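**Q** Predicted model and sequence below, questions to follow.
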Amino acid sequence: MSQTSWKEDYPVSRSEEHRSVRRQFLQFLCLSGLVVGFVSFFRNFFLRQKQIFPTKDILALNQIQSGYYLFRYPTENDPAILVKLSDGTLRAYSQRCTHLLCPVHFKPEDDSLFCPCHNGSFNAKDGSVQYGPPPKPLPQYEVQIREERIWVMGKLKSNS
């Protein structure tokens with residue numbers, strides 16, 4: 001039996017219009033996917049806004065002589081750390097490592113925040129990753145001194 005004989009016995013006629021419709025549909029699907037991807041990228045990358053949290057009174061300025069102070073911010077479920085750097089500057093960060101959310105600890109000898117779970121380290125001056133597996137800097141909160149009290153302001157600074 002030759003290959004051409006079945007074509008004669010069972011003729012299939014497809015119009016060019018059928019092929020054209022399928023091609024147009026596939027083009028539509030591809031373009032739709034590109035548009036959805038671009039819109040998602042644009043929304044997430046270019047239109048990021050600062051998250052706004054309530055302002056919170058943390059403690060009196062004279063209570064943090066050196067080192068650090070642990071507190072909860074912006075909610076009672078979110079651990080945060082206030083650090084006093086070697087130059088006297090105050091910084092506040094989320095205490096959750098950006099790798100696997102382990103708590104970070106302040107190391108005053110080199111002004112760093114260390115994650116013991118996987119040996120990650122952050123610069124305590126700006127929250128940037130110094131080494132280890134953390135993919136992003138630590139989220140940083142704005143700190144303000146008012147009437148001899150330390151306040152954490154309601155904005156999350158983007159360090160990325």
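**A** Now that the structure is in, tell me what you want to look at.

**Q** So the spatially most central residue of the chain: helix, strand or coil?
**A** Taking C-alpha atoms, centre = their mean as the criterion, residue 136 is the residue nearest the geometric centre of the chain, at 6.6 Å. Three-state assignment for residue 136 (DSSP: H, G, I helix; E, B strand; the rest coil): coil.

**Q** any idea how far it lies from residue 85?
**A** Per C-beta to C-beta, to the nearest Å, residue 136 is found 21 Å from residue 85. (C-beta placed from N, C-alpha, C; glycine too.)

**Q** likewise residue 6?
**A** Spatial separation of residue 6 from residue 85 under the definition C-beta to C-beta is 83 Å.

**Q** more neighbours, those two?
**A** residue 85 (14 against 10; other C-beta atoms under 10 Å).

**Q** list the contacts for the more buried one?
**A** Taking C-beta atoms under 8 Å, 6 or more residues apart in numbering, we find residue 85 in contact with 91, 111, 124-125.

**Q** got it, and residue 5?
**A** Going by C-beta under 8 Å, 6+ apart, residue 5 touches no other residue.

**Q** chain center to the longest helix seen in the chain, what's the gap?
**A** If each helix of the chain is counted by residues according to DSSP state H, the longest one is helix 16-46. Between the mean C-alpha location of helix 16-46 and the chain-wide mean there is a distance of 28 Å, by C-alpha atoms, centre = their mean, to the nearest Å.

**Q** Could you count how many residues lie near residue 151?
**A** By other C-beta under 10 Å, the residues close to residue 151 number 18.

**Q** number of nearby residues for the nearest residue to residue 100 once chain neighbours are set aside?
**A** The shortest distance from residue 100 to any residue that is not its chain neighbour, by C-beta to C-beta, 6 or more residues apart in numbering, is 6.1 Å, and that residue is residue 117. Around residue 117 there are 15 other residues, counting by other C-beta under 10 Å.

**Q** and this structure, what are its domains?
**A** The domain map for the chain lists 12-46, 56-157, with the assignment taken from automatic domain parsing.

**Q** Could you report the pLDDT at the nearest residue to residue 55 once chain neighbours are set aside?
**A** The spatial neighbour of residue 55 that comes closest, neighbours along the chain excluded (C-beta to C-beta, 6+ apart), is residue 154 at 5.0 Å. As summarised for this prediction, residue 154 has a pLDDT of 72.
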